[in-house]
Structures are given as C-alpha cells and as structure tokens.
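> Quick one: sequence and predicted model below, then my questions.
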Amino acid sequence: MATEFLKQAVKTSATGEDETRKIVADMLAEIERNGEDAARTYGENLDGWDGDIEVGSDAIADAAKQVPDQLKDDLKFAYDRVRGFAERQRASIGEFEAELSPGLWAGQRLIPVQTAGCYVPGGRYAHVASAIMSITTAKVAGVENVITCSAPSQKHGGIHPAILYTMDLCGADQILALGGVQGIAAMAFGLFTGNEANILVGPGNRFVAEAKRLLFGRVGIDLFAGPTEILIIADGTADPDIVANDLVGQAEHGPDSPAWLISTNRKLAEDTMARMPGLIAALPEVQRTAAEAAWRDYGEVILCDTNEEAAAESDRYAPEHLELQTNDDTWFVERLTNYGSLFVGEETTVAFGDKCSGTNHILPTKGAGHYTGGLSVHKFIKIVTTQRMTQEANEDVAAVTARISRLEGMEGHARTGDVRLAKYFPGRNFNLSP
C-alpha cells in the first residue's frame, strides 16, 4: 500500500494512561472505604459544590423555569428522535422458544437490568444531548430505576438547569449533583440512593472513562471509551471548507480529541490543512485552546492512492465517528467494517448525530470499534436462555452429554446424565463411554 502522512500525531490515545489509572484507582478505593462522606468531599474539592447531592423535585421545577421555551422545544425534538430510534432497536429483538429436536425446547428471554447509572458530562460544556442519549435509551429498554449524575457548580446553584430539565424530561428516577469519578463511584456503590447500578453508561473525560474501566466486572459498562474521535474519508469531490469545519467541530471537545483525515486527493488534503488554523483561531476561548491542542497533538492527515487503501486505513483506526465525503460513498458503506457511527455524504455530519438526529452518540473510541458498536437498548437488556425437555428427549441428550463429559474427564457431569437415563429408561442399556 502507498500511504503518506501529511500530518502525523505526536501523541496517542495511550498518552498519560498510567497516571490517570493510579489517580482513579485511589479515588475509587477511598470512596468505597468511606462512602458518602468521601464522595461529598471530592465533590466539594473538585466541583466546588457543598450543596445537596440528591436533587429534589423543587430543584427540578426551578430548573424548568430557567429553560427558554425554544430550548424546551429543541430538546423535545431531539428526545423524540432518539426515543423513536431506540424503540425501533427494541422492536428488532424478541423472545422466542423453539423445538430443536423432538421433546427439546430452547429459547431466550429479554430481561432489562434493574438499575442503570447514566453519567452526563457537565463540566466544560452543558451536555444535554448526553442525558437524552443515555436516560432515554435505558427507559425504552425497560430499566426500572435510572440514576443519573452530573457535575454541579456554584454558578448554577447545582446541576446546569438545562441538563437537569433534560434529565427529568427523559425520565430519570434519581439525580445526583456529583461529577467525575465521585459521580461514577456513587452510582456504582449505591451511595445517596440506596440503589447500586448494574450498568454504568455515558461519555466523560479520561478520569470518568478510567473509573468505568476499573469498575467493569463488578458492574457492566456501555463500552470502553476515551476522548471523542472523528475520521473523515474525502476525495477530490469534497468541499475543503466543510471537511475542515467538521474536523474542528470535534477537536473543540478537548485537547486530547483526535481529528483524522484520510484522502485520495492531495489538493483536498492540503486545502483542508490550510484552513484548520484560521477556523480554530475563530473559535471562542476555551474551545479555541482545546481545538488548538487537539489538532496539534492528535490531528493526522493521511494521503492514500486508492479507495481500498483509504478504507483499510480507516478500518485500522476504527474511529468513533466516521464521515464519508466522496463520489463513491456507497462503495465505502459496503466495504468499511470498523467504526462507531457512520455519516454518509456531505449532507450529514457528526454534530447532527451528537445532538438530535436519532442515533446514539455514546460510541466506542480508542479502537473499540473493532469489536463493539455504541450504546443501544441492547446494552440494558440481558438476553438469557431457557430450556425444557420431555423424559423421552433424554434418550439422546443425556447419553450424548455423558459421553462428551467423560471424554473431557468430567465424571460428575456424566453421572447427571446417567441417573436420568436409569430413571426414565429402566432396564435399558446405553453406551455411555466416549
């Protein structure tokens, strides 16, 4: 393959992992050891919040009064589409029972988890869309109890009013004014609510992502995730202004958010790169600083000779968000296999999916797209199996089980088949040796 880096990242997604892991592990241990007092102390020190942790109905009502009607309409627009997509996901799976052989029935049941913990980022930005993505999807899946948390601030008198309003709109049952690791720990350990989360979902910074990773096993998680990513495949038919704006739009998330461009056209690649500094400089402060660092340290531009090479490179990255802006998008849709969510054509963009178009924006990063998709109703549902059979069906099943078990050296397993054959078919001789 002939590929050329016109710009290569100086940092990777693994940069700083060891330090993050130690900080988070220590915090989780202390919060588990000292409970609510430790979580509250971390909240005071890191969020600057010394008010109530459990958010009551009065605070929710006050928040609703602060949200403009236009924003309420916009949030309902996004909620309706995310809910509609989740409902179709739920309808795509079902329970069944089938007779696999005479007298042997097997099937599956769909059982929602009892409690879900949904993290909603609220530090640098007011991520109302994340509340819609996680809480709504959990509720459509049938989760009985949804706990959610977000970072509070003195400025807002708690959780950002728009986030709090959205949490309530989507059906959250319990809301905690806690951000970061302390929020994740509180939901996992059942602090303040008395309900331990069975699964933790939602995007967050590297500390939130590491907390979920360390707790995985004790609880389920949606996926292993890190800072948000975008990769665009563009050829000479693409508009460099749109390509560059889309890259900048994701880079503003944070200083460690990768923005990648793969192109089969040198002019498009160079024109896009030339526009990046000006577009970043035009952002307001905070976003500008984040995007500058992200593009400088994590941005990459790769030039490929063919569409096949471009697709292979994209699959190697397995990006969280993948945009196609080419004259042969259909070919790429059929060829590509590794990504979190795909945005086909210039007419759509990552921000549409992130905010309101319907698909979920909680997606795999750091290469996790090689083995998983994003958050869906399926993450909140346990697909469990059942079986039942007649005594007559034991003639085959019990005998086969006994022979395979003995081949494996598991005599106790084999005898569970033997005893049933002896009971259901007295006097019959069976070959029960492997």
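Now that the structure is in, tell me what you want to look at. Treat the numbers as computed from the prediction; the structure is a model and nothing was measured.
> Kindly state the domain boundaries assigned to the chain.
Following automatic domain parsing, one finds the domains of the chain at 17-222+378-382, 227-373, 390-434.
> For residue 10, find the nearest of those.
Shortest distance between residue 10 and the domains of the chain, using Cβ to Cβ, is found for domain 227-373: 5.4 Å. The way it works is simple: take the backbone N, C-alpha and C, and place the C-beta from them, glycine included.
> still on that earlier bit, among the domains of the chain, which comes closest to residue 2?
domain 227-373 (4.5 Å).
> And that closest one, end to end?
By Cα to Cα, to the nearest Å, the extent of domain 227-373 from end to end equals 16 Å.
> what separates that domain from the chain centre, distance-wise?
Centre-to-centre, domain 227-373 and its host chain are 18 Å apart (Cα atoms, centre = their mean, to the nearest Å).
> cool, and stretch 220-238?
Centre-to-centre, stretch 220-238 and its host chain are 12 Å apart (Cα atoms, centre = their mean).
> Just the mean pLDDT for it, thanks.
If you average the pLDDT over stretch 220-238, you get 93.
> And stretch 347-363, by the same measure?
Rounded mean pLDDT across stretch 347-363 is 95.
> Okay, now that stretch: how far is its last residue from its first?
OK, stretch 347-363 end separation, Cα to Cα: 21 Å.
> ok so, going back, wait, which of the domains of the chain is closest to residue 8?
domain 227-373 (5.7 Å).
> on that earlier part again, for residue 11, which of the domains of the chain is the nearest?
So among the domains of the chain, domain 227-373 is nearest, using Cβ to Cβ, at 4.5 Å.
> Take the domains of the chain and write them to CSV, including mean neighbour count.
Formatted as CSV, the domains of the chain follow (neighbours: other Cβ atoms under 10 Å):
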stretch, mean neighbour count
domain 17-222+378-382, 20
domain 227-373, 20
domain 390-434, 15
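> so who does residue 302 touch?
Residues in contact with residue 302 (Cβ atoms under 8 Å, 6 or more residues apart in numbering) are 3, 4, 5, 6, 260, 261, 262, 263, 313.
> Wait, a helix at it?
No - Residue 302 is assigned strand when assessed by DSSP: H, G, I helix; E, B strand; the rest coil, not a helix.
> measure the nearest residue to it once chain neighbours are set aside to residue 274 for me?
Nearest non-adjacent residue to residue 302, counting by Cβ to Cβ, 6 or more residues apart in numbering: residue 262, 4.8 Å away. In this view, residue 262 and residue 274 are 17 Å apart by Cβ to Cβ, to the nearest Å.
> about what we covered before: restricted to helices, list the contacts of residue 302.
Mapping these onto helices (DSSP state H) picks out residue 313.
> could I get the domains of the chain as TSV with distance to residue 10?
Shown next, in TSV, are those (distance: least, Cβ to Cβ, whole Å):
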stretch	distance to residue 10
domain 17-222+378-382	16
domain 227-373	5
domain 390-434	52
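> and residue 87, that one's in a helix?
Yes - under three-state DSSP, residue 87 sits within a helix.
> ok, the nearest residue to it once chain neighbours are set aside - contacts?
Closest residue to residue 87 apart from its sequence neighbours, by Cβ to Cβ, 6+ apart: residue 140 at 5.6 Å. With contact taken as Cβ under 8 Å, 6+ apart, residue 140 is in contact with 83, 86, 87, 89, 90, 377.
> is it possible to export the residues you listed to TSV including distance to residue 108?
TSV is the format used below for those (distance: Cβ to Cβ, whole Å):
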residue	distance to residue 108
83	25
86	20
87	20
89	16
90	15
377	15
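> List just the nearest of those residues to residue 75.
Closest to residue 75, out of all of these and judged by Cβ to Cβ, is residue 83, at 11.9 Å.
> Against residue 73, how distant is the closest one?
With distances taken as Cβ to Cβ, residue 83 is found 15 Å from residue 73.
> same check, this time on residue 384
In this view, residue 384 and residue 73 are 40 Å apart by Cβ to Cβ.
> Then residue 335?
Taken as Cβ to Cβ, the span from residue 335 to residue 73 is 40 Å.
> Residue 306 too?
With Cβ to Cβ as the criterion, residue 306 and residue 73 are 47 Å apart.
> Next, give phi and psi for residue 234.
Taking degrees, to the nearest 10, you get phi -140, psi 140 for the backbone angles of residue 234.
> Test my guess that it contacts residue 322.
No - counting by Cβ atoms under 8 Å, residue 234 does not reach residue 322; the two are 11.5 Å apart.
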